[in-house]
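Participant: this one's sequence-less:
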DNA sequence: TCGCCCTATGTTATCGCTAACATATTTATT
DNA sequence: AATAAATATGTTAGCGATAACATAGGGCGA
């Protein structure tokens, strides 16, 4: 019984199904949503009719009538940083067990784009919002505040949340790494990172990092920034540049693992003693790293937990349950093979 | 003039704005959509009122009334294979110039999941669908056929498209690589790939590959499959395994660049002469590769073009313009440093 | 056997917006 | 100045579903 071709090319409605099944529209609606009491006989008739016609319900009409939309807006800065697809996949895994569905919006780290994406998404009246970071335009904050749905800001904790927040203190993560580096006796420390003033999390990590160094009376000895291009290549290039310019460096801290991996490969090729002469560390714990000849020291950002917990909060609140307002995760330092211990 | 708090907690409607502005709902609607003639004086009043209230239009109601939804469903198997985020970003770039907006659905390579994701998306009545691959369940095909919207299947060409198709012949790509390898004199060829029967594109590439080898009287000398885990690590492990089991191999073909990169790193560490003693090649041209000590031979899958063209087709058809039904792209062989020439 | 309650179905009235048409009010054209 | 044409606004009637209420039969206890 394959779907019949609809001759009028008019989109199918409940009406078409109810006519074919010989019942009312309401009964069809009940059958297709599995709500209310319907006799087995009618149920079977209706299901058969819907299938025969190839009927696909119109959620737009359904949502308008029921004032319920089972979508969750997930707003992230980028898809090319693997961190975000990973967060997404944990979110999906949790929401798959619920009637909720994630809808992704990408901001490219631009506040104005975030604002427009948010506006667009809120205009579909989602059941909740998961959004990366705590920095938003005033208009964005106002929209989220007045939307009257659960909002979960993720990844970061250093700031003033709108509603719920799940993440780690990026400043503290930076400090933690700095202390570990100092403790191992490294003193002439170089930093490499993205030249992206709008990546607030990287910025805060750097602030925490320099902060802890300062407390130990140490200053960043040299630094280098990049933007765009293949992170692995850039890491390699920046490392070459910085080491040639400041041969005395004994540690290189990278704002992310990808450039760190590039740097590591460069050092290994050059026969530099890692971590003896120069120590290296990145941030994020990307899966990729485990395939390299040496394991880069890094700090796991717990992003699977972040995604999972954020989704759980939305799911709980969507059915009227209580949920935590603030969840702090603790990044774990992984020494790998590039940080003495 | 910050958004006032809505005391009744009743969601704002056009009505609220029109009351405040002292005009009819229709006029507000016209102003906010920028359609029809409205005098500057009224426009200013209305915009001010909307802003003051923090009004966000309800697209659900709008879409139902206008029978227009500016969403494009993009259905892909996975986000963790960087290929798909890259395709997505080209799609977004094109759609950003139009009123259309992409909505992502992920199938995890499961046909049933694809079917349910598709059903879910079609129930929102999108303006078009971009979907990876040509293999779908009968129900999925039926749904797409009767949806009466442009459907663009991407990435692959070997099969029977529902509507439009943009991609490359995966079989031909496999054959092309095989011929290049044979031409350089390699004869004992090992293959490594994912153990994923549902990745039809990888399967077809492999078929094309063995096909071309067979024509030259050569058979795959050994093979190894993996599933799950870090591709880079798996590539390394499989390479070790296969080289120990079949020391006579003079070429290793990987079904994707990530495992290829792992294999390359392994060979370099082992001091194996690449490409003298053993040649290597992967597939996809991921950006990552350019950061490795040697460049892996690969074949660029043209995925930025694929995304761009698919989006252009949808955008053209959405405004009633003609658009190509079939676009074949030709993958470019990149010799890199791991395939003699 | 009466009335009560449960089950299975139908009816009616929105949900918030926009298309299409109707109605002023100006401006242009001859 | 008279009429047509354009501009600016309002009115009405849905879009396709669902919530809430209404109703028709059956079964069952007393």
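Facilitator: That came through, no problem. All values derive from a computational prediction rather than experimental measurement.
Participant: ranges for the strands of the stretch 1-150 of chain A?
Facilitator: Taking DSSP state E, counting those that start in this stretch as the criterion, the stretch 1-150 of chain A contains strands spanning A:71-76, A:101-106, A:128-132.
Participant: turn the ones you listed into TSV, columns for mean neighbour count, distance to chain B and mean pLDDT.
Facilitator: (C-beta placed from N, C-alpha, C; glycine too.) Below are those laid out as TSV (neighbours: other Cβ atoms under 10 Å in any protein chain shown; distance: least, Cβ to the nearest Cβ, whole Å; pLDDT from 0 to 100):
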stretch	mean neighbour count	distance to chain B	mean pLDDT
strand A:71-76	25	9	98
strand A:101-106	22	5	96
strand A:128-132	26	12	98
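Participant: which one of the ones you listed lies closest to DNA strand C?
Facilitator: Of all the strands of the stretch 1-150 of chain A, strand A:71-76 sits nearest to DNA strand C, with 16.2 Å by Cβ to the nearest atom of the strand.
Participant: so who does the residue nearest to residue A:139 when sequence neighbours are not counted touch?
Facilitator: Excluding the flanking residues, the one nearest residue A:139 by Cβ to Cβ, 6 or more residues apart in numbering or on different chains is residue A:115, at 5.5 Å. Shown in contact with residue A:115 (Cβ atoms under 8 Å, 6 or more residues apart in numbering or on different chains): A:136, A:137, A:139, A:140, A:143.
Participant: ok, the residue in the stretch 151-300 of chain A positioned nearest to DNA strand C - contacts?
Facilitator: Closest approach between the stretch 151-300 of chain A and DNA strand C, counting by Cβ to the nearest atom of the strand: residue A:151, at 20.5 Å. Residues near residue A:151 by Cβ under 8 Å, 6+ apart: A:128, A:129, A:131, A:144, A:162, A:163, A:164.
Participant: then residue A:155?
Facilitator: By Cβ under 8 Å, 6+ apart, the neighbours of residue A:155 are A:87, A:132, A:133, A:167, A:168, A:170, A:201, A:301, A:303, A:306.
Participant: now render the contacts of residue A:115 as TSV, adding neighbour count.
Facilitator: Converted to TSV, the contacts of residue A:115 look like this (neighbours: other Cβ atoms under 10 Å in any protein chain shown):
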residue	neighbour count
A:136	21
A:137	13
A:139	19
A:140	22
A:143	23
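Participant: residue ranges in the stretch 1-150 of chain A under the pLDDT threshold?
Facilitator: Applying pLDDT under 70 to the stretch 1-150 of chain A picks out residues A:1-9.
Participant: where along it do the helices fall?
Facilitator: Under the criterion DSSP state H, counting those that start in this stretch, the stretch 1-150 of chain A carries helices at the ranges A:14-21, A:25-33, A:40-53, A:59-66, A:83-95, A:111-122, A:138-146.
Participant: show me the contacts for residue A:232.
Facilitator: By Cβ under 8 Å, 6+ apart, the contact set of residue A:232 is A:258, A:259, A:261, A:262, A:265, B:287, B:288, B:290, B:291, B:292.
Participant: repeat that with 7 Å
Facilitator: A:258, A:261, A:262, B:288, B:291 (Cβ atoms under 7 Å, 6 or more residues apart in numbering or on different chains).
Participant: from those residues, which has minimum pLDDT?
Facilitator: Least confident entry in these, by pLDDT: residue B:288, with 76.
Participant: find the nearest non-adjacent residue to that residue, please.
Facilitator: Distances taken as Cβ to Cβ, 6+ apart place residue A:232 nearest to residue B:288, at 5.6 Å, with adjacent residues excluded.
Participant: the one you found sits in which helix or strand?
Facilitator: Per DSSP states H and E: residue A:232 is located in helix A:231-245.
Participant: and after that helix, which helix or strand comes next?
Facilitator: Scanning forward in sequence from helix A:231-245 by DSSP H and E, the next helix or strand is strand A:251-254.
Participant: what packs against that next one?
Facilitator: Judged by 3 or more Cβ pairs under 7 Å, 6 or more residues apart in numbering or on different chains; DSSP states H and E, strand A:251-254 is in contact with strand A:189-194, helix A:257-269, strand A:279-281.
Participant: those: which one's closest to chain B?
Facilitator: helix A:257-269 (4.8 Å; Cβ to the nearest Cβ).
Participant: chain center to the closest one: distance?
Facilitator: Computed by Cα atoms, centre = their mean, to the nearest Å, the chain-centroid distance of helix A:257-269 equals 25 Å.
Participant: whether it contacts chain B - can you check?
Facilitator: Yes: contact of helix A:257-269 with chain B (Cβ under 7 Å from any Cβ of the partner chain) involves A:262, A:265, A:269.
Participant: between the residues you listed, which has the most around it?
Facilitator: In terms of neighbour count, residue A:262 stands highest of the residues of helix A:257-269 next to chain B at 28 neighbours, by other Cβ atoms under 10 Å in any protein chain shown.
Participant: which one of the contacts of residue A:115 is nearest DNA strand D?
Facilitator: The closest of those, once distances to DNA strand D are taken by Cβ to the nearest atom of the strand, is residue A:143, at 24.7 Å.
Participant: so that closest one touches residue A:118, yeah?
Facilitator: Yes: contact criterion Cβ atoms under 7 Å: residue A:143 and residue A:118 qualify, at 5.9 Å.
Participant: first to last residue in stretch A:334-341, what's the distance?
Facilitator: Stretch A:334-341 has an end-to-end distance of 11 Å (criterion: Cα to Cα, to the nearest Å).
Participant: and that stretch, anywhere near chain B?
Facilitator: No: applying Cβ under 7 Å from any Cβ, one finds stretch A:334-341 separated from chain B by no less than 13.5 Å.
Participant: which of the residues in that stretch are buried?
Facilitator: Within stretch A:334-341, the residues scored as buried using 16 or more other Cβ atoms under 10 Å in any protein chain shown are A:334, A:335, A:336, A:338, A:339, A:340.
Participant: residues contacting residue A:125?
Facilitator: For residue A:125, the contacting residues are A:69, B:58, B:60, by Cβ under 7 Å, 6+ apart.
Participant: now do residue A:159
Facilitator: Residue A:159 sits next to A:134, A:135 when contact means Cβ under 7 Å, 6+ apart.
Participant: look up how far chain B lies from the residue in the stretch 151-300 of chain A that DNA strand D sits nearest to.
Facilitator: Closest residue of the stretch 151-300 of chain A to DNA strand D, Cβ to the nearest atom of the strand: residue A:151 (24.2 Å). Relative to chain B, residue A:151 is positioned 14 Å away (Cβ to the nearest Cβ, to the nearest Å).
Participant: for that residue, list each beta-bridge partner.
Facilitator: Beta-bridge pairing of residue A:151 under DSSP bridges involves residue A:129.
Participant: in the stretch 201-341 of chain A, what residue is nearest DNA strand C?
Facilitator: Counting by Cβ to the nearest atom of the strand, the stretch 201-341 of chain A gets nearest DNA strand C through residue A:318, at 18.7 Å.
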